[in-house]
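Colleague: only geometry, no sequence info:
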């Protein structure tokens, strides 16, 4: 084995905002001390119950993706499996997300994203 994928680190203007948003969806907590990284205003971590630690890194200047504009593409696109799409959408909005594409009555997904961050899909399981 040449390497082991440790995490995906998307760029963003405020690392804390997406860490807090995503903490509210799968659970976990943010910014535990760890010798592998420093904790400061340019870096935020999300510690999940299964041991994974996604992180978010400040980029300045930063221009967020715009759904579905190909000139400002998504840099990260996680799909989040949910059983109740409407409840999940409402919870994401309550945590600071905005709905970018509600789909339609036959669509089993809703595209959301932090106000200045990377879009993600809520996908009905």
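Modeller: Arrived safely. Worth saying up front: this structure is predicted, and the values here are computed from it rather than measured.
Colleague: Tell me the pLDDT of residue 105.
Modeller: pLDDT recorded at residue 105 is 68.
Colleague: the helices in the protein, which residues?
Modeller: Assigned by DSSP state H, the chain shows helices spanning 16-23, 85-94.
Colleague: These: lowest mean pLDDT?
Modeller: helix 16-23 (a mean of 87).
Colleague: That one: how far from the chain's middle?
Modeller: 7 Å (Cα atoms, centre = their mean, to the nearest Å).
Colleague: Okay, angle between that helix and helix 85-94 too, please.
Modeller: In terms of direction (axes from the mean of the first three to the mean of the last three Cα atoms, to 10 degrees), helix 16-23 departs from helix 85-94 by 150 degrees.
Colleague: and among the helices of the chain, the most buried is which?
Modeller: helix 16-23 (a mean of 21; mean count of other Cβ atoms under 10 Å). Using the backbone N, CA and C atoms, a C-beta is placed for each residue, glycine as well.
Colleague: other SSEs contacting that helix?
Modeller: strand 29-30, strand 43-47, strand 55-58, strand 109-114 (3 or more Cβ pairs under 8 Å, 6 or more residues apart in numbering; DSSP states H and E).
Colleague: Output the helices of the chain as a markdown table; include the columns distance to residue 29.
Modeller: Conversion of those to a markdown table gives the following (distance: least, Cβ to Cβ, whole Å):
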| stretch | distance to residue 29 |
| --- | --- |
| helix 16-23 | 7 |
| helix 85-94 | 17 |
